[in-house]
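Colleague: Got a predicted structure here, sequence first:
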Amino acid sequence: MAKNLVKIRLAAIAVMLVFFLGGFEVLLRFAAPIPVTGIQYAPCNLVPSKEFGALYIPNSTDQFMRLNEIDLKFHVNNLGFHDTDRQIEKREAFRIVVVGDSFTASRQVEISKTWTQKLELILKNRLNKPLEVINLGLSGTGTVIHQKLLQRFSSLLKPDLIIYQYTVGNQQDDMYPNIIKECYRNFFMVYQNNEARQKILTRVREIHRNAWWGFIVKHSYVARAVNYYFDWWPLTNIFRQDSFGYKWTVEKSPIPVEKVLRNMQNNALSEGSQFVILPIPIKGLGSSSEPIAIDSYEDIEIAAKLTGIKLIDIRKELITTAMTKGVSTRSYFWKYDGHYNEAGNSALAAAIAEKLINIDIIK
């Protein structure tokens with residue numbers, strides 16, 4: 001009788017514990033405090049590249065997680081970009097190629113929600129002609145790598161129009177040479193030399209001794225909250241060399257942006273393509289309701305004048321559209337991520353389409 005009573009009490013305690021943990025799990029999922037339960041996971045379906053830092057593996061899929069607001073499958077097409085599969089041979093359609101960084105890659109939304117996909121649909125419908133917009137966005141890259149992307153793909157794809165998406169800070173990316181991005185056991189490593197790489201590898205191997213706990217952390221908010229205070233498993237899979245005591249090697253004299261733009265323009269002209277620059281509006285800081293300050297793109301505006309390249313400035317269009325809808329332009333961005341959300345990608349596509357149609361560049 002006593003044994004049965006003990007079993008009943010233990011069972012009752014177990015049930016209460018399950019209910020308590022379940023309730024706490026639900027509470028944390030609704031509250032989603034940052035950073036206690038926030039996971040940052042960069043897709044690891046990539047291979048290191050000395051030329052580009054890293055390239056995504058064609059026809060691959062991985063997870064993309066950013067704190068508690070982004071959690072989706074990151075798909076890569078046959079060319080190695082976040083886009084639908086593309087036919088290399090040019091068809092009877094006006095072909096637009098977009099080269100840029102993470103704002104073009106748009107990893108934060110599904111492929112069908114990216115601004116390049118939406119731009120393709122808008123232009124097809126508005127112009128009533130066969131047309132395609134091919135996404136060649138590569139996250140974490142600067143102007144020099146964008147030039148290399150254009151050199152590799154323009155001769156293959158033979159576009160009628162090349163849109164170069166530029167972000168404030170792209171030139172700073174050019175100041176850090178020989179950066180390699182590599183994934184090992186699903187950890188995203190960023191380094192410039194082998195010594196730093198070995199230090200990061202050692203840390204990753206130490207962490208993987210608790211791989212079972214990592215699985216639980218990925219699926220349970222309660223485990224994340226516990227882990228936040230004990231650090232058995234990092235809530236990010238991104239390891240950079242500066243976190244391990246290695247300073248970044250800096251190029252003191254990066255190639256001037258106007259020189260890179262001239263090279264891009266010459267490359268485009270040699271393939272019979274038109275070439276324009278699209279400065280992408282970025283998320284404002286503090287309590288500002290607008291995406292950027294009016295003078296944020298002074299450097300690229302000067303470079304465009306020096307090179308004679310047409311600039312597609314959509315800042316006013318974005319602000320006007322937001323005012324018409326009665327929303328702030330900040331609503332176009334994720335709360336904890338500096339990139340555009342689904343609504344922002346739609347607004348971008350509409351503004352870019354309007355500009356391209358107005359300047360009559362698509363023949």
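Modeller: Right, received. Where do you want to start?
Colleague: How about the contacts made by the residue most central in space within the chain?
Modeller: The centroid of the chain falls nearest to Ser102 when counting by CA atoms, centre = their mean (3.7 Å). Contact partners of Ser102, counting by CB atoms under 8 Å, 6 or more residues apart in numbering, are Gly137, Ser139, Gly140, His339. In short, each C-beta sits where N, CA and C put it, glycine included.
Colleague: The last one against Phe333, yeah?
Modeller: Yep, that's His339 we're talking about. Yes - using CB atoms under 8 Å, His339 is in contact with Phe333, at 6.8 Å.
Colleague: between the two, what contacts are shared?
Modeller: Listed as contacting both His339 and Phe333 by CB under 8 Å, 6+ apart are Lys283.
Colleague: Which pLDDT value belongs to the residue nearest to Asn170 when sequence neighbours are not counted?
Modeller: The shortest distance from Asn170 to any residue other than its chain neighbours is 4.6 Å, reached at Gly142 (CB to CB, 6 or more residues apart in numbering). Here, the pLDDT recorded for Gly142 equals 90.
Colleague: Ok, Ser287 next?
Modeller: If you check Ser287, the pLDDT there is 48.
Colleague: try Val133
Modeller: pLDDT recorded at Val133 is 98.
Colleague: With adjacent residues omitted, what lies nearest to it?
Modeller: Nearest non-adjacent residue to Val133, counting by CB to CB, 6+ apart: Glu120, 4.0 Å away.
Colleague: hang on, the one you found packs against Lys129?
Modeller: No - counting by CB under 8 Å, Glu120 does not reach Lys129; the two are 11.7 Å apart.
Colleague: Looking at these two, which one has more neighbours?
Modeller: Between Glu120 and Lys129, counting by other CB atoms under 10 Å, Glu120 is the more crowded of the two (21 against 13).
Colleague: Go ahead and measure how far the helix or strand harbouring the more buried one is from the middle of the chain.
Modeller: Element membership for Glu120, per DSSP states H and E: helix 115-127. A distance of 21 Å separates the centroid of the chain from that of helix 115-127, by CA atoms, centre = their mean, to the nearest Å.
Colleague: Output the contacting helices and strands for that helix.
Modeller: Applying 3 or more CB pairs under 8 Å, 6 or more residues apart in numbering; DSSP states H and E, one finds that helix 115-127 contacts strand 94-100, strand 131-137, helix 342-358.
Colleague: and the chain, what are its domains?
Modeller: Per automatic domain parsing, the structural domains of the chain span 32-76+179-250, 92-175+254-358.
Colleague: Would you agree Ala282 falls within a helix?
Modeller: Careful, residue 282 is Ile and not Ala. No - if the criterion is DSSP: H, G, I helix; E, B strand; the rest coil, then Ile282 is coil and not within a helix.
Colleague: So for Asp85, which of the domains of the chain sits nearest?
Modeller: Closest approach to Asp85 among these (CB to CB): domain 32-76+179-250, 8.1 Å.
Colleague: circling back to that earlier point, now the helices and strands packed on helix 115-127 in CSV, with mean neighbour count and distance to Ile302?
Modeller: Output for these, formatted as CSV (neighbours: other CB atoms under 10 Å; distance: least, CB to CB, whole Å):
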stretch, mean neighbour count, distance to Ile302
strand 94-100, 24, 20
strand 131-137, 25, 25
helix 342-358, 20, 20
